[in-house]
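Asks: Sequence and computational prediction follow.
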Amino acid sequence: MQLERPLPTPSELTAPFWAAAREHRLIRPVCDDCSRSFFTPQLICPHCLGEKWSYQTSTGRGSVYSSTIVHRPPSPALPAPYELAIVDMDEGWQLLTNIVTTRNEPTPIGARVEVTWTEIDENWTFPAFHTTDTEDLR
């Protein structure tokens, strides 16, 4: 018996994010009042409590804030091991994501990364990241 991979349930707030991901575009909410980026999409800006925001395209570049190798995933349908990381995006927001790597240890904090795309099926594409500078891996 093959288990199905758990997938997100898009909401009115997150549907544009997932639609953009299918097109290999990384977008994030940006507040109309304070101009700060944030993630996850919410009804109000977590920085200034402004109620108006819109999605804007991200450069898809950032640096590793924290990372770990997951050996026992929360679902047996997820292949392990995999690297889970928080990436500080260049626009000032953070994303919990995967680092695509063949290394058996976490990517160093501060390593530069950029977005790549993991095709799950015809309906789902997830953003993931890979390192951009092998010097960061020493």
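Replies: Structure received. Everything numeric in this text was worked out from a predicted model, so none of it was measured.

Asks: P8 against F17, yeah?
Replies: No. Counting by Cβ atoms under 8 Å, P8 stays clear of F17, with 9.3 Å between them. Glycine gets a C-beta too; all of them are placed from N, C-alpha and C.

Asks: who has more neighbours, the two?
Replies: A count of neighbours by other Cβ atoms under 10 Å puts F17 above the other of P8 and F17, at 21 against 10.

Asks: in what helix or strand does that one lie?
Replies: Take DSSP states H and E as the rule and F17 turns out to sit in helix 15-22.

Asks: Could I get the buried residue list for that helix?
Replies: F17, W18, A20, A21 (16 or more other Cβ atoms under 10 Å).

Asks: what about the closest residue to the third one other than its chain neighbours, distance to W53?
Replies: I take that to be A20. Leaving aside its chain neighbours, A20 sits nearest to I27 (4.6 Å; criterion: Cβ to Cβ, 6 or more residues apart in numbering). I27 sits 12 Å away from W53, taking Cβ to Cβ, to the nearest Å as the criterion.

Asks: Of the two, which one has the most company?
Replies: W53 (23 against 19).

Asks: pLDDT at the more buried one, what is it?
Replies: Reported pLDDT at W53 in the predicted model: 98.

Asks: what do you get for L7?
Replies: pLDDT for L7: 88.

Asks: Isn't it up against L78?
Replies: No. Contact criterion Cβ under 8 Å: L7 and L78 do not qualify, at 11.3 Å.

Asks: Between the two ends of stretch 75-84, what distance do you get?
Replies: 14 Å (Cα to Cα, to the nearest Å).

Asks: Look up which residues are beta-bridged to the residue nearest to A20.
Replies: Beta-bridge partners for I27, by DSSP bridges, are T57.

Asks: what does the longest strand along the chain rub up against?
Replies: If you go by DSSP state E, the chain has its longest strand at strand 61-70. For strand 61-70, contacts defined as Cβ atoms under 8 Å, 6 or more residues apart in numbering pick out 80-90, 94-95, 99, 104-115, 129, 132.

Asks: Brilliant, that's me finished.
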